[in-house]
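J.: my questions are about this predicted structure, shown below with the sequence.
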Amino acid sequence: MDPQKPLPQPRQPEGCLAVAIRIPVRIVVLVLVVPVRMVWDALVVGWRFLTDAVFRPVGRALLWVGRALFVWPFVGLWRYVVVPVGMGLGRLMRYLLVVPAVWLYRSVLTPLGHAIAWVIRGLGAGIGAGLVWLYRWVLAPVGRGIAWVLRGIAWVLKGIGAGLGAVGAGVFAVVAWLVRYLVVVPAEWLYRWVLAPVGRAVAWCAKGLWWLLTAIVTGIGVGLYWIARVLLVLPALAVWRYLLVPVGRVLAVVGREVADALGHAWRVAGHISRAVGRFLATLFRWIFVEPVRWVYRTVLTPVGHVVRDAVLRPAAQAARSVRRATRQALTTARDTARQARADFRRMLFGGPGSAPEVARREPKGQETRTLGSSTTVLTKD
């Protein structure tokens, strides 16, 4: 037994209502579903035939026409017009703009920039030396004198501030004593013996009033709860328990049986439709397909073999010969054009220079080591 396969669920016991509903429902549903299933299977077969015989070939033809009308012209225009023109314009812009600009930058602008930088460095060095002399012999002495004057003024102001601070401290002490005994002490007495007792009494009254309101609201809520429970909840619970639940169970049984009957009828109708389809396919085969196959095998195939051996193969051999001769002519013309281009380049620029000989440590070809000779000191001939 496969451990991965789940165990079948045990079938629940069914009541007499389900058994009494099942047979009539299945008979009625089977009578209604068989025509629908046969029409559905006919539509499926017709759609597959149209897809394989009409839509797919038409789509391929439309795709080929679209490529021939829209894709291939643009590809040819891009490959044989736009790309060569773009490469030509690129080379023209290079030799008309890039090369002169590089020469101008390398031969004119770079030396001119170096000269300007040298002049600016010289001017910067002279200006820096002048600014250092001005700071050392003019600004620094003037700044020291101004700092000495400011230190004297600050010492004078410091003495004046010390005197004013002593006077201000005395005035502040007197004002603080007056504020303490004229404002703070009476305010503290008023808060302790008047405001605090009055606040406690007000808080106690507010707490009692809040408890009274809470008790009233709680009593009203409890009464409304029991009224709603007796008038709404209990009747609704009784309707749900003794009316809706039994009716729902009956409807669930009827719906389950109808769904099972639909599935069973659909499967049985599929078998019936498949049998009818096989009968019609066999009838169509013996009436149409077998005669056509006999005509193709007995008449058209020998005629096609004769046409192939007498007409098509000689024409194909002639076409291959013409294509081979054309390819050889094109190859000869290409080699001739390449040789002419090489001769023209050699006439204009000369042949490639011979590479200078380099002294190598390896022995030459005629002095290589063999089995019959040796180049060592002891066995050298």
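T.: Yep, that arrived.
J.: how close does Thr110 get to Ala340?
T.: Per Cβ to Cβ, to the nearest Å, Thr110 is found 44 Å from Ala340. Yep, even glycine has a C-beta here, placed from its N, CA and C like the rest.
J.: over to Gly113?
T.: 49 Å.
J.: before we move on, what about Val183?
T.: Distance from Val183 to Ala340, by Cβ to Cβ: 122 Å.
J.: same question for Leu224.
T.: 114 Å.
J.: avg pLDDT for stretch 211-218?
T.: For stretch 211-218, the mean per-residue pLDDT is 90.
J.: so how far is that stretch off the chain centroid?
T.: 63 Å (Cα atoms, centre = their mean, to the nearest Å).
J.: and for stretch 328-340?
T.: Distance, centroid of stretch 328-340 to centroid of chain: 53 Å (Cα atoms, centre = their mean).
J.: give me the mean pLDDT for it.
T.: 88.
J.: send me it as CSV with only the CA atoms.
T.: Output of stretch 328-340 as CSV, limited to C-alpha atoms (Å, rounded to 0.1, in the frame of the first residue of the first chain):
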residue,chain,number,x,y,z
GLN,A,328,32.0,28.9,-59.1
ALA,A,329,31.7,32.0,-61.4
LEU,A,330,31.0,34.2,-58.3
THR,A,331,33.9,32.6,-56.4
THR,A,332,36.2,33.3,-59.4
ALA,A,333,35.0,36.9,-59.7
ARG,A,334,35.5,37.4,-55.9
ASP,A,335,39.1,36.1,-56.0
THR,A,336,39.8,38.2,-59.1
ALA,A,337,38.5,41.4,-57.3
ARG,A,338,40.5,40.6,-54.2
GLN,A,339,43.7,40.1,-56.2
ALA,A,340,43.1,43.3,-58.1
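J.: which parts of the stretch 101-250 of the chain are helices?
T.: Here the stretch 101-250 of the chain has its helices, by DSSP state H, counting those that start in this stretch, at 110-134, 140-179, 185-190, 196-228, 234-239, 245-284.
J.: worst mean pLDDT among those helices?
T.: Taking the mean pLDDT of the helices of the stretch 101-250 of the chain, helix 140-179 comes last: a mean of 76.
J.: now that helix against helix 110-134, angle please.
T.: Orientation check (axes from the mean of the first three to the mean of the last three Cα atoms, to 10 degrees): helix 140-179 against helix 110-134 gives 60 degrees.
J.: which of the residues in helix 140-179 are buried?
T.: When burial is assessed from 16 or more other Cβ atoms under 10 Å, helix 140-179 yields no buried residues.
J.: gap between that helix and the chain center?
T.: So, by Cα atoms, centre = their mean, the centroid of helix 140-179 is 74 Å from its chain's centroid.
J.: same check on stretch 247-257?
T.: 49 Å.
J.: repeat that for stretch 135-146.
T.: For stretch 135-146, the distance to the chain centre is 70 Å (Cα atoms, centre = their mean).
J.: hmm, who's touching stretch 133-146?
T.: Taking contacts as Cβ atoms under 8 Å, 6 or more residues apart in numbering, no residue outside stretch 133-146 touches it.
J.: ends of it, what's the gap?
T.: End-to-end distance of stretch 133-146 (Cα to Cα, to the nearest Å): 20 Å.
J.: tell me, how many neighbours does Leu139 end up with?
T.: 11 (other Cβ atoms under 10 Å).
J.: relative to Trp133, how far out is it?
T.: 10 Å.
J.: got it, and Ala187?
T.: 73 Å.
J.: give me the distance from stretch 95-113 to the chain's centre.
T.: 46 Å.
J.: end to end on it, go ahead and measure it.
T.: Across stretch 95-113, first to last residue, Cα to Cα, it's 25 Å.
J.: stretch 280-293 now?
T.: 18 Å.
J.: and that stretch, what's buried?
T.: Here stretch 280-293 shows no buried residue, counting by 16+ other Cβ under 10 Å.
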